[in-house]
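Peer 1: Model the following, please.
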Amino acid sequence: MDLKSENLDNFWIITISGMMDTLNAKQAEDEILSLDLGNIKGMILELGGLSYISSSGIRVFIRVHQHLKKSGLPFGLCSLQPFIYNLLDIADLTGSFLIYADLETAKADIA
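Peer 2: I've put the predicted structure just below:
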């Protein structure tokens with residue numbers, strides 16, 4: 001798994017690619033939750049390069065969402081591969097997250 005974070009236009013954009021599973025989900029969660037939430041409009045996970053996710057990875061999404069919600073900040077997912085979207089749908093989580101086709105749409109809606 002490769003995880004990159006950047007503050008772009010006062011949004012934390014977290015780009016995750018590769019495979020997120022039991023072996024690296026905790027590392028991803030710790031890295032994301034350690035980001036400074038001051039002076040940002042929200043956080044978006046850009047997942048176009050995410051090829052696989054386990055239940056541990058889905059749990060990361062849930063925990064990050066809860067963390068942002070406590071801070072009153074929006075949290076969105078974008079550029080999901082159909083496989084990832086289907087897993088979230090099966091887990092009945094698609095209604096729990098703001099999900100967007102691409103990063104620009106996510107930024108425009110969340111702003």
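Peer 1: all strands of this protein, in order?
Peer 2: With strands called from DSSP state E, the chain shows them at 2-8, 11-20, 42-53, 75-78, 98-100.
Peer 1: partners of the last one in the sheet?
Peer 2: This means strand 98-100. Here strand 98-100 is paired, per DSSP bridges, with strand 75-78 (parallel).
Peer 1: thinking again about what came up before, tell me the most buried of the strands of the chain?
Peer 2: Neighbour counts (mean count of other Cβ atoms under 10 Å) averaged over each of the strands of the chain peak at strand 75-78, with a mean of 23. All C-beta spots, glycine's among them, are computed from the backbone N, C-alpha and C.
Peer 1: farthest residue from the center of this protein?
Peer 2: Note on the chain: the largest C-alpha distance from the chain mean falls to residue 39, namely 18.7 Å (Cα atoms, centre = their mean).
Peer 1: Setting the sequence-adjacent residues aside, check what's closest to that one.
Peer 2: Distance criterion Cβ to Cβ, 6 or more residues apart in numbering; nearest residue to residue 39, sequence neighbours excluded, is residue 10 at 6.4 Å.
Peer 1: for residue 105, same thing?
Peer 2: Leaving aside its chain neighbours, residue 105 sits nearest to residue 78 (7.1 Å; criterion: Cβ to Cβ, 6+ apart).
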